[in-house]
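Participant: Structure, please.
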Amino acid sequence: MTVSRMFLAGLLAISLPLAATAQTAPAAAAPAAAAPAADGVKVTPYGFILANGYFNGNSLQVRDYPGQAIAALQGGSVLFSARQSRFGVKLATKDDWSGADLSGVIEFDFNGGQLSGTTPNALAPSTAWYNGLMRLRLAAMTASWNTEFGKVSVLAGQEYGIVNTLFAESIAWVSSPIFWQAGNLWRRSPQFRGTWANNFGDFGVSAALAVLSPATADPPVDMGSGNQSRIPNIEARVAGTGKFGDGITAALGVGYHMNTRRVAYGTPAQQDVKGDMLGVDVDLGLTKYAQVKGEYYTGKGADDTYNAIGAATYVVAGAPAGTAVKALETSGYWAQLIAKPIPWAWIVVGIGHAEADKTNSAANARINNDQLAGGVIFNAGKFWRFGVEYAQVKSEYRGATAAAATTTQDATQIAVSSMLKF
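Facilitator: The predicted structure is shown next:
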């Protein structure tokens with residue numbers, strides 16, 4: 001195939017009405033047997049039914065995730081949930097004209113919030129809380145070609161971002177992965193992405209470049225400050241893998257994110273604020289009995305995009321119009337050990353930390369967040385997993401001024417979980 005024809009095929013492939021993925025979602029289930037359709041498209045359903053029981057000590061901002069101990073304590077609680085249950089379908093076929101391998105994925109869970117039964121978006125009472133809204137997680141397609149220079153892929157649709165792509169092992173915290181808000185960056189976003197990968201014996205390398213829909217915390221959902229900038233988010237990633245014998249493996253990735261947001265649109269105070277994020281992720285297989293993985297990030301003006309500790313910008317009091325808004329600097333990390341003394345019982349333990357610039361954070365904003373999490377996960381055969389996990393979160397809040405004393409609160413959560421995979 002000529003280069004021009006392959007390029008044309010790539011442009012056409014990203015407009016096909018399929019959905020695909022080039023990454024695995026956190027806690028992905030083992031796929032069921034594929035069912036080939038009459039038109040030659042292989043269809044593979046997958047997912048899991050997940051039940052969780054949460055026993056909370058002290059006050060969490062969200063009662064089914066230990067992300068933040070709120071400053072004004074309200075006491076503990078108990079909560080059961082099945083909203084993290086997930087359903088997805090993978091597709092695979094061959095395109096005769098372009099020679100591309102086409103794959104796709106569409107995936108949902110039920111963690112999109114609740115309706116109270118009377119007023120949309122109102123806080124739901126306990127009698128209606130379990131009625132979780134269905135949520136689109138992934139909907140993307142990928143066209144791939146194996147060439148003499150390596151594998152080339154073009155992805156179009158909603159997928160994960162490519163900065164810090166790892167997730168810690170857990171069945172208690174899946175839809176909102178553990179160490180979120182404490183060092184674990186993640187996002188899902190509509191995007192267009194190109195990837196190249198190649199293997200050289202026991203070593204592999206890859207590179208990816210993506211343009212993603214802007215994601216900012218300011219409303220409205222389709223016209224936030226990132227959309228108003230008319231500049232998409234840009235992300236790039238390079239990664240390498242290696243096998244060293246006796247079950248020892250290593251994977252290292254470095255990702256970079258850039259964004260622009262236009263604030264105070266249409267006023268004398270209008271300005272463009274630049275943001276960026278640099279992330280490093282490491283995954284080490286230490287024989288078949290242990291695994292260590294973790295991530296680190298540092299950046300500014302992107303915390304709301306990547307679900308980090310807090311705000312993305314701050315306002316400089318007294319600054320001239322059009323210069324007052326600045327990007328807030330943040331950083332974080334997480335690390336987890338997964339010990340596998342026997343195949344059916346895993347012991348997990350990990351820590352996470354995130355911090356924001358105290359001087360430039362808003363009054364009473366969260367400036368430090370730490371999580372400690374661990375537990376035992378039982379792999380009871382091919383399809384059933386259950387376990388008991390524990391998390392402790394410590395959140396520090398800035399005072400009314402940068403010089404004021406800070407406030408620190410602690411909260412704990414014990415989670416009992418059961419997962420049926422398919």
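
Participant: Please name the nearest non-neighbouring residue to residue 370.
Facilitator: Nearest residue to residue 370 in three dimensions, chain neighbours excluded: residue 394, at 4.6 Å (Cβ to Cβ, 6 or more residues apart in numbering). All C-beta spots, glycine's among them, are computed from the backbone N, C-alpha and C.

Participant: The host helix or strand of that neighbour pairs with which strands, and in what direction?
Facilitator: Per DSSP states H and E: residue 394 is located in strand 384-397. Strand 384-397 has these partner strands in its sheet, going by DSSP bridges: strand 366-380 (antiparallel), strand 407-421 (antiparallel).

Participant: residue boundaries of the helices in the stretch 201-350 of the chain?
Facilitator: Ranges of helices in the stretch 201-350 of the chain, per DSSP state H, counting those that start in this stretch, are 225-228.

Participant: Tell me where the stretch 51-200 of the chain has strands.
Facilitator: 60-62, 65-69, 77-81, 86-94, 101-109, 135-147, 150-160, 188-200 (DSSP state E, counting those that start in this stretch).

Participant: helices or strands up against the fifth one?
Facilitator: On a contact count with 3 or more Cβ pairs under 8 Å, 6 or more residues apart in numbering; DSSP states H and E, strand 101-109 meets strand 86-94, strand 135-147.

Participant: which neighbours does it have in its sheet, and in what orientation?
Facilitator: Strand 101-109 has these strand partners (DSSP bridges): strand 86-94 (antiparallel), strand 135-147 (antiparallel).

Participant: count of neighbours near residue 225?
Facilitator: Counted with other Cβ atoms under 10 Å, the neighbours of residue 225 add up to 24.

Participant: How about the contacts made by it?
Facilitator: Taking Cβ atoms under 8 Å, 6 or more residues apart in numbering, we find residue 225 in contact with 216, 218, 261-263, 265, 273.

Participant: Which residue lies closest in space to it, excluding its sequence neighbours?
Facilitator: Nearest to residue 225 is residue 261, by Cβ to Cβ, 6+ apart, at 3.7 Å.

Participant: Thought residue 232 was touching the one you found, still the case?
Facilitator: No - using Cβ atoms under 8 Å, residue 261 is not in contact with residue 232; the gap is 11.9 Å.

Participant: Need the overlap of contacts for these two.
Facilitator: residue 214.

Participant: Those two: which has the busier surroundings?
Facilitator: Neighbours per residue, other Cβ under 10 Å: of residue 261 and residue 232, the larger number sits with residue 261, 28 against 20.

Participant: Enumerate every residue touching the more buried one.
Facilitator: 214, 216, 224-226, 228-229, 272-273, 275, 301, 312-313.

Participant: partner residues bridging it?
Facilitator: Counting by DSSP bridges, residue 261 forms beta bridges with residue 273.

Participant: pLDDT (mean, whole number) over stretch 229-249?
Facilitator: Stretch 229-249 shows a mean pLDDT of 96.

Participant: Please apply the same query to stretch 41-55.
Facilitator: Averaged over stretch 41-55, pLDDT sits at 97.

Participant: buried ones in that stretch?
Facilitator: Neighbour counts over stretch 41-55 (16 or more other Cβ atoms under 10 Å) mark 41, 44, 46-48, 50-54 as buried.

Participant: ok, and the closest non-adjacent residue to the most centrally placed residue in the chain?
Facilitator: The centroid of the chain falls nearest to residue 186 when counting by Cα atoms, centre = their mean (2.7 Å). Excluding the flanking residues, the one nearest residue 186 by Cβ to Cβ, 6+ apart is residue 307, at 5.8 Å.

Participant: and the end-to-end length of stretch 400-407?
Facilitator: This stretch, stretch 400-407, spans 10 Å end to end (Cα to Cα, to the nearest Å).

Participant: Other residues contacting it?
Facilitator: 71, 358-359, 361, 363-364, 367, 396-399.

Participant: Sketch out the low-pLDDT regions of the protein for me.
Facilitator: Along the chain, the model assigns pLDDT under 70 to residues 1-39, 116-123.
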